[in-house]
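K.L.:
3D, please:
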Amino acid sequence: MKIYRTLFLIKNSCNLIKRAEAFGGFRNLLLIVIAFLLLVPVTHSQNEVGNIHGKLTDKKLGESIANHPVTLNIHKAEDVTQQETQTDENGNYRFDNLPIDVETHYSVSTTYNGAEHIEKDLVLSTWVPNLTINMEISGVTNDTSQIRIKSYTIVIQVPSAEHATEGALSVIEAIVAENRSISPFQTLHEKQAVGFHHGLPKGHKAFFPHAPATLTRSSASNHVMLTEPLPHGQTDIGYRYIYPANEPKLDLSRQMLFRTDQITFLIQDGLNLAPRSKYFKTSKYEAIGNIVYKVYAAAREGGFAAGKMVDLNLGIPKPKSNIGQMAFIAIAAALAGGFLVAAIFMLRRAKRASAESDDAQPTLTDTGWLRKLSDADLDHARTARLEFITLLDEVNEKQGISERVYNRLRKEQTERLTEILDQRKERGLDT
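P.N.:
Next comes the predicted model:
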């Protein structure tokens, strides 16, 4: 009826234009008519209402979703109000008497199997007062082949003061899980629907979840779990626990429930531990904040298959002999320059007086000249120390230096590196 009225007004306007041409007042009358026509839709829309309706369907099952809640969000300027309804037995929903306003838009949303589905930026107008929004919801997938662990990092360090019981260690585990399916992932664990779960080592204590907010622990199965479906894309999962280490070894071995691309150990420098598995190799030293970690990365082509038990045992590294000690000095001297001149004298002195204490001579500090370095040069100094410590450890692992000399040089380099890190912290370069 309103469309007919508008057409009637346009027809009458045309008649007025013809009359205006006859009397020579065409221009002024035309402007009045155009202004009047522009006001017609606005005047009508202020009193008009429309509706948004549609149907919910489970795309995976091919069935209507009956008696299910649907939410309408009404956005007007900065205000948002809501209406709620439920689908009928055929999965249909409807929102009536919705104002048609140029400043108002709508969105329809529903949560199904723990995943939210939403249709945004819906606008009603005089010409389209009613919208049909059918939502085909894919539900969730339980296809484990769509889940990939991009990285699994285990950080072992000295615990904080409140958990510094004798022999205890703090273990942080960080997992980057990727859901390659467009649908949220959900599986069953202990007859409970979960989005992700991963085993914890036997004997751990004091579990602390970090992220996401839905992360929890099942005391019955000794697993960490996400209580909501795992969304599409990457999800960062992190938690910490205390592990008693009264014996000179740690067994953190676990079964990988999903295919895992990379496993990495970060062991705080000073803890005499190393992975036993042949898959882990010393790669480098890394300073995170004011703590130096020794990094062991898994070297296995293709990663670790789902369902595989991975050896995550750690123990005290085996002592090395002094075979090839002078070869190490020659190589290191070429890389480190004059620093090793002093080391050679120390080695000779160590041969002449094997009973002499390693602490007999104090280590000269670098504090004075470090303060004179620029920030860039200080960063280069840190990198050089880390690389030298890495080289020192590699030669030691290949039995290319005696344990006595290794310990002495290692101690000196660690002290020098600590001075550099303290200087960076003093300048505010590390937090």
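
K.L.:
Contact partners for residue 195?
P.N.:
Counting by CB atoms under 8 Å, 6 or more residues apart in numbering, residue 195 touches 114, 184, 185, 186, 187, 214, 226, 227, 228, 229, 230. C-beta here means a position set from N, CA and C on the backbone, and glycine is covered the same way.

K.L.:
which residues of the stretch 201-350 of the chain fall in helices?
P.N.:
Secondary structure of the stretch 201-350 of the chain (DSSP state H, counting those that start in this stretch): helices at 325-336, 339-352.

K.L.:
closest to residue 173 among the contacts of residue 195?
P.N.:
Nearest to residue 173 among the contacts of residue 195: residue 226, at 14.1 Å, using CB to CB.

K.L.:
Show me the beta-bridge partners of the closest one.
P.N.:
residue 196, residue 215 (DSSP bridges).

K.L.:
That one and residue 303: what is the separation?
P.N.:
Going from residue 226 to residue 303 by CB to CB, to the nearest Å gives 22 Å.

K.L.:
before we move on, the earlier item: any idea which of the helices of the stretch 201-350 of the chain has the lowest pLDDT on average?
P.N.:
Of all those, the minimum mean pLDDT falls on helix 339-352 (a mean of 41).

K.L.:
re earlier: now the two most distant members of the contacts of residue 195.
P.N.:
Longest span within the contacts of residue 195, CB to CB: 187 and 214, 14.6 Å.

K.L.:
Looking at the two, which is more packed in?
P.N.:
Of the pair residue 187 and residue 214, residue 187 is the one with more neighbours under other CB atoms under 10 Å, namely 19 against 16.

K.L.:
Now for the most centrally placed residue in the chain: which residues touch it?
P.N.:
Nearest to the geometric centre of the chain sits residue 236, at 3.1 Å (CA atoms, centre = their mean). By CB under 8 Å, 6+ apart, the contact list for residue 236 reads 174, 175, 176, 211, 212.

K.L.:
So in terms of bridging, what pairs with the residue lying closest to the fourth one once chain neighbours are set aside?
P.N.:
Okay, so that is residue 211. Spatial nearest neighbour of residue 211, chain neighbours left out: residue 238 (5.0 Å); criterion: CB to CB, 6 or more residues apart in numbering. With DSSP bridges applied, residue 238 shows beta-bridge pairing to residue 174, residue 211.

K.L.:
let's number from 40 now, not from 1
P.N.:
Renumbered: residue one is now 40, and that last one reads residue 277.

K.L.:
hang on, residue 277 packs against residue 216?
P.N.:
No. Look at residue 277 against residue 216 with CB atoms under 8 Å: they stay out of range, at 11.2 Å.

K.L.:
quick one: which of these two has more around it?
P.N.:
residue 216 (23 against 17).

K.L.:
ok, the more buried one to residue 251 distance?
P.N.:
Note on residue 216: its distance to residue 251, by CB to CB, is 10 Å.

K.L.:
Now for these two: what residues contact both?
P.N.:
Contact criterion CB under 8 Å, 6+ apart; residues shared by residue 216 and residue 251: 274, 276.

K.L.:
Burial check on residue 420, number of neighbours?
P.N.:
Residue 420 is flanked by 20 other residues according to other CB under 10 Å.

K.L.:
and the protein, what are its domains?
P.N.:
Recorded structural domains for the chain (assignment: automatic domain parsing) are 41-84, 88-176, 183-354, 364-465.

K.L.:
Comparing the ones you listed by mean pLDDT, which bottoms out?
P.N.:
Ranked by mean pLDDT, those end with domain 41-84 in last place, scoring a mean of 48.

K.L.:
can you confirm residue 422 is in a strand?
P.N.:
No. Under DSSP: H, G, I helix; E, B strand; the rest coil, residue 422 falls outside any strand and is assigned helix.

K.L.:
Next, the contact list for the residue nearest to residue 345 when sequence neighbours are not counted, please.
P.N.:
Using CB to CB, 6+ apart and skipping the chain neighbours, the partner closest in space to residue 345 is residue 298 (4.9 Å). Applying CB under 8 Å, 6+ apart, one finds that residue 298 lies in contact with 184, 186, 187, 188, 342, 343, 344, 345.

K.L.:
If we only consider the residues you listed, which is nearest to residue 143?
P.N.:
Nearest to residue 143 among those is residue 186, at 41.3 Å by CB to CB.

K.L.:
And for that closest one, the neighbour number?
P.N.:
For residue 186, the count of nearby residues is 22 (other CB under 10 Å).

K.L.:
From residue 136, how far off is the closest residue to it other than its chain neighbours?
P.N.:
Leaving aside its chain neighbours, residue 186 sits nearest to residue 297 (4.5 Å; criterion: CB to CB, 6+ apart). Distance of residue 297 to residue 136, computed by CB to CB: 49 Å.

K.L.:
Which one of those two is surrounded by more residues?
P.N.:
Higher neighbour count among residue 297 and residue 136: residue 297, with 22 against 8, using other CB under 10 Å.

K.L.:
so who does that one touch?
P.N.:
Contacts for residue 297 (CB under 8 Å, 6+ apart) come out as 183, 186, 187, 188, 216, 345.

K.L.:
ok, which pair from those is furthest apart?
P.N.:
Farthest pair in the contacts of residue 297, by CB to CB: 216 and 345, 12.5 Å.

K.L.:
and residue 435, that's in a helix?
P.N.:
Yes. Per three-state DSSP, residue 435 lies within a helix segment.

K.L.:
out of everything not next to it in sequence, what's closest to it?
P.N.:
Distance criterion CB to CB, 6+ apart; nearest residue to residue 435, sequence neighbours excluded, is residue 445 at 4.6 Å.

K.L.:
so the one you found sits in a strand?
P.N.:
No. Counting by three-state DSSP, residue 445 is not found in a strand; it is helix.

K.L.:
List the residues that contact the closest residue to residue 292 other than its chain neighbours.
P.N.:
In space, and not counting its chain neighbours, residue 292 is closest to residue 351: 4.6 Å by CB to CB, 6+ apart. For residue 351, the contact set (CB under 8 Å, 6+ apart) comprises 193, 240, 290, 291, 292, 293, 302, 314, 316.

K.L.:
What of residue 207?
P.N.:
Residue 207 sits in contact with 198, 244, 281, 282, 283, 284, where contact means CB under 8 Å, 6+ apart.
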